[in-house]
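*Asks:* my questions are about this predicted structure, shown below with the sequence.
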Amino acid sequence: MFVRLGQPAFTNVVRPGEAIVPPIRAVDDVPVPPEFVGGPVTDINLTVDVLMTPVDLSVYFTGAVLYSLTEDVVKNLTFNVKTGVLSGTPIFVGTGKYRVRGHNVDGLAVSNIFNIAVSA
């Protein structure tokens, strides 16, 4: 394509009654938080002194690389921050409300609340 010096390589042609719309540009380098998927986290019901089936809370997130719980986990249960798996054998009866968070590489997080109930 040849362009006369001093002339733009292209021009916007606007017909009468049309508005000039600026081009849509992709935004680069803007951190995007992880996404919470799959509906609310299912409440977890356990029995005291019975080994629980491990629960993988990472399945509720896309784009997360680390996971956290906002409250201390039930006594004798373990939460793996790298995998998002909750496991163990509860040793006390009780209930609690927890917020699980999925964190991405930029430190952004998304969360959801669920309950853990331990019965006799």
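*Replies:* Structure received. Since we're looking at a predicted model, the values are computed, not measured. Residues are numbered from 1 along each chain as shown.

*Asks:* residue ranges for the strands of this protein, please.
*Replies:* In the chain, strands defined by DSSP state E lie at 35-36, 44-47, 55-56, 61-62, 66-69, 77-79, 85-88, 94-103, 109-119, listed in chain order.

*Asks:* give me the contact list for the longest one.
*Replies:* Meaning strand 109-119. Residues outside strand 109-119 that contact it (CB atoms under 8 Å, 6 or more residues apart in numbering): 33-36, 40-48, 60-61, 64, 68, 70, 74, 90, 92-103. (Glycine included, C-beta is placed from N, CA and C.)

*Asks:* again with the fifth one
*Replies:* Outside of strand 66-69, the residues within contact range by CB under 8 Å, 6+ apart are 57-58, 61, 79-84, 98-103, 109.

*Asks:* now the residues you listed: which count as buried?
*Replies:* By neighbour count, with 16 or more other CB atoms under 10 Å, the contacts of strand 66-69 hold 57, 58, 61, 79, 84, 98, 100, 101, 102, 103, 109 as buried.

*Asks:* so where is this protein shaky, pLDDT-wise?
*Replies:* 1-30 (pLDDT under 70).

*Asks:* rerun at 80
*Replies:* Within the chain, the segments meeting pLDDT under 80 span 1-32, 38, 71-74.

*Asks:* so residue 86 sits right up against residue 59, yeah?
*Replies:* No - assessed by CB atoms under 8 Å, residue 86 is found out of contact with residue 59, at 11.9 Å.

*Asks:* out of these two, which sits in the busier spot?
*Replies:* residue 86 (23 against 11; other CB atoms under 10 Å).

*Asks:* please tell me how far that one sits from residue 57.
*Replies:* 6 Å (CB to CB, to the nearest Å).

*Asks:* contact partners of stretch 42-62?
*Replies:* The contact list for stretch 42-62 (CB under 8 Å, 6+ apart) reads 34-38, 41, 64, 67, 74, 77, 83-93, 100, 102, 110, 112, 114-120.

*Asks:* please pick the buried ones from the residues you listed.
*Replies:* Buried by 16+ other CB under 10 Å: 34, 36, 41, 64, 67, 74, 77, 84, 86-90, 100, 102, 110, 112, 114, 116, 118, out of the contacts of stretch 42-62.
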